[in-house]
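Below: sequence and its predicted model.
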Amino acid sequence: MSKILDHINFPTDLRRLSVEELTQLAQELREFIINIVATKEGHLGASLGVVELTIALHYVFNTPKDLLIWDVGHQAYGHKILTGRKEVFHTNRQLGGISGFPKRSESEYDTFGVGHSSTSISAALGMAIASQLKGEDNHHIAVIGDASIASGMAFEGLNHAGVTKANLLVILNDNAIGIDPSVGALKQYLTNVKTGTQQQDNIFEALNFDYSGPIDGHDLPKIITELERLKTVKGPKFLHVITTKGKGLKQAEEHQVKYHSPGKFNAVTGELIIKSNLHQPPKFQDVFGYTIVELAKQNEKIIGITPAMPTGSSLKYMMDELPKRAFDVGIAEQHAVTLAAGMATQGLIPFCNIYSTFLQRAYDQVIHDVALQNLPVIFCLDRAGLVGQDGATHHGVFDLVYLRCIPNLILFSPRNEIELRNIMYTAQLGLQHPIAIRYPRGRGTLLNWEQDFKSIAIGTGICLKKGAKKAVLSIGSISENVSKALDLMTKKQSLEISHYDMRFIKPLDEKLLHTIFETYDSVFTIEDGVINGGFGSAILEFAAKNNYKTSIKVLGIDDDFVHHGTIQELQQQCKLDPEHLKNWFLN
């Protein structure tokens, strides 16, 4: 039996349907998303929650002439399917396939590239002001979630928009959850609005927006009617829409955190296809999560802070066991860093746990509020290096560069789980400087990782393998690929190569480096970050400063953005996999 979705390739096809047909289309679109994400993986719950809203937006507005921006982009799967990418949607997040997030180079319907939250209002306002200046009459729509709108940048956009006459519509997709449940006073305010108990002035009307809602985000006729009305309203407008994350799949509705990005699951029953974790090394994030709980029970000064990623970072373990000393501050990276700085001034020991890619959003705070004042904040940077299928917006490949240049900041990258535990232990013993500890997404390599703590001398590297002619200097978990590359060699070839784990990017182990440069004919550096300004650059600077003429080959990520694929595929693409490394070392 032919489905309506079979005949929908672009929004122009959509606009020929009746409202009754659109309701049927919503059901088919949900099934389409579920069936593909079940086997290909991806972000599920958010896209299921906005199916009706997505259809209504493309039905009412003349996209792409009218500009539609999805904040973050977790919820944009339906948008992609309805805008010319239905036939290739099965390639979503796969190497060479379409991106998991809106991307300008992919489609004219993706009006703004998104991946980090809370950018949609500012971008849409910029477009709306540009339309005014050019004398155009386009509509500009930003769809933002209740977790993202609590971010400072979203408020900055609202604050500016409220004193303009821009043709801007902000739609709040309110489902009370981002990746984890939304937090903070604004969340409570929105809850009161939904339940009718809010007696104060409406905050969005106070910011000069024409506010409407809340309305049921799954009542397609009602959404269409309200959007048609809002098209006639001048100036900045705000529509409050109530949705259910995971709508249409029972398990996704009931377990919204787990089904944000569930991995593979049964498309009919919704049951997750569980990969056996027996006899597998732990995830680095879990090593962090268990270790901070262990340390915090011994040291009452330890505090845990995360900006909206308690599950993704595993700070959830501390929040469950020591809730008064672990804080989810919402999508507020700048606040998280300066909050940690404030705590450090009072003698507490804050562990600020944040994804590498998201710390970029708080760079000024790291410099001005932490490093300049030399406050001993401990940054635990999850998802450092290549992260896989989330792609260019999420790779943590810039941290070595943007942190290495900051005075007072210690920079460490553990090669395995034991090293992560030991540097966390060392950091809380009373360091006189801030420290950033960067570790990758995914599992480590050790089963017996829960060993007694040992302190690590700051600025010291270690020799993992001794050879005769060449030295390989690695930093962090990419060390495992070096070891595998050496295993691929003949015994004779391997005997020529030494392998050093430098551990600290800053301060460098200069004593060890002098020994290396005085001993070997050639040196290779390898890092899972961009080459320009990173670990290899630090070694080149050392060699130049000390007038060493040794041949140095810097291996890492070239001066380009890396897109999506599995970590293994991307390492091969960047020539950082064991086979490519072996060839580098032998040439």
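In hand now; what should we look at?

pLDDT score assigned to the nearest residue to His90 once chain neighbours are set aside?
Spatial nearest neighbour of His90, excluding adjacent residues (Cβ to Cβ, 6 or more residues apart in numbering): Ile36 at 5.5 Å. Any C-beta I mention is one placed from the backbone N, CA and C, and that applies to glycine too. pLDDT, Ile36: 92.

ok, now which ones touch Ile36?
Counting by Cβ atoms under 8 Å, 6 or more residues apart in numbering, Ile36 touches Gly42, Phe89, His90, Asn92.

Do I have it right that the third one meets Ala38?
No: counting by Cβ atoms under 8 Å, His90 does not reach Ala38; the two are 11.3 Å apart.

Mind checking which of these two has more residues around it?
Between His90 and Ala38, counted using other Cβ atoms under 10 Å, the more crowded position is Ala38 (21 against 14).

Kindly indicate whether the more buried one is helix, strand or coil.
Following DSSP: H, G, I helix; E, B strand; the rest coil, Ala38 is assigned to helix.

Compute the distance between the residue nearest to it when sequence neighbours are not counted and Ile274, please.
The shortest distance from Ala38 to any non-neighbouring residue, by Cβ to Cβ, 6+ apart, is to Ala267 (3.8 Å). Here Ala267 is placed at a distance of 16 Å from Ile274 (Cβ to Cβ, to the nearest Å).

Look at these two and report which has more neighbours.
Legend: neighbour count by other Cβ under 10 Å for Ala267 and Ile274, higher for Ala267 (16 against 9).

domains of the chain?
4-254, 284-440, 462-586 (automatic domain parsing).

remind me which residues of this protein are low pLDDT?
Within the chain, the stretches with pLDDT under 70 are 1, 177-179, 197, 199-200, 276-278.

Spatially central residue for it, please.
His394 (4.5 Å; Cα atoms, centre = their mean).

Might one say that that residue is in contact with Ala384?
No: using Cβ under 8 Å, His394 makes no contact with Ala384, being 11.2 Å away.

still on that earlier bit, for the residue nearest to the centre of the chain, which residues are in contact?
Here His394 is in contact with Gly115, Tyr355, Thr357, Arg383, Val387 (criterion: Cβ under 8 Å, 6+ apart).

Looking at those, spot the one nearest Pro214.
Set against Pro214, the nearest of the contacts of His394 by Cβ to Cβ is Gly115 (27.7 Å).

Need phi/psi at that closest one.
Dihedral pair for Gly115: phi -170, psi -40, per degrees, to the nearest 10.

would you list every one of the helices in the stretch 401-550 of the chain?
417-427, 479-487, 491-494, 510-519, 535-545 (DSSP state H, counting those that start in this stretch).

among the ones you listed, which is the most enclosed?
helix 417-427 (a mean of 23; mean count of other Cβ atoms under 10 Å).

which residues touch it?
By Cβ under 8 Å, 6+ apart, helix 417-427 touches 281-282, 284, 287-288, 291-292, 295, 351, 376, 378, 380, 412, 414, 435, 437, 439, 444-446, 449-451, 453-456, 458, 503.

For the buried ones among the residues you listed, write the corresponding ChimeraX selection.
Selecting only the buried entries of the contacts of helix 417-427 in ChimeraX, with 16 or more other Cβ atoms under 10 Å as the criterion:
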select :281,282,284,287,288,291,292,295,351,376,378,380,412,414,435,437,439,444,449,453,456,458,503
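
Tell me which entries of the contacts of helix 417-427 lie within strands.
Phe351, Ile378, Cys380, Phe412, Ile435, Ile437, Tyr439 (DSSP state E).
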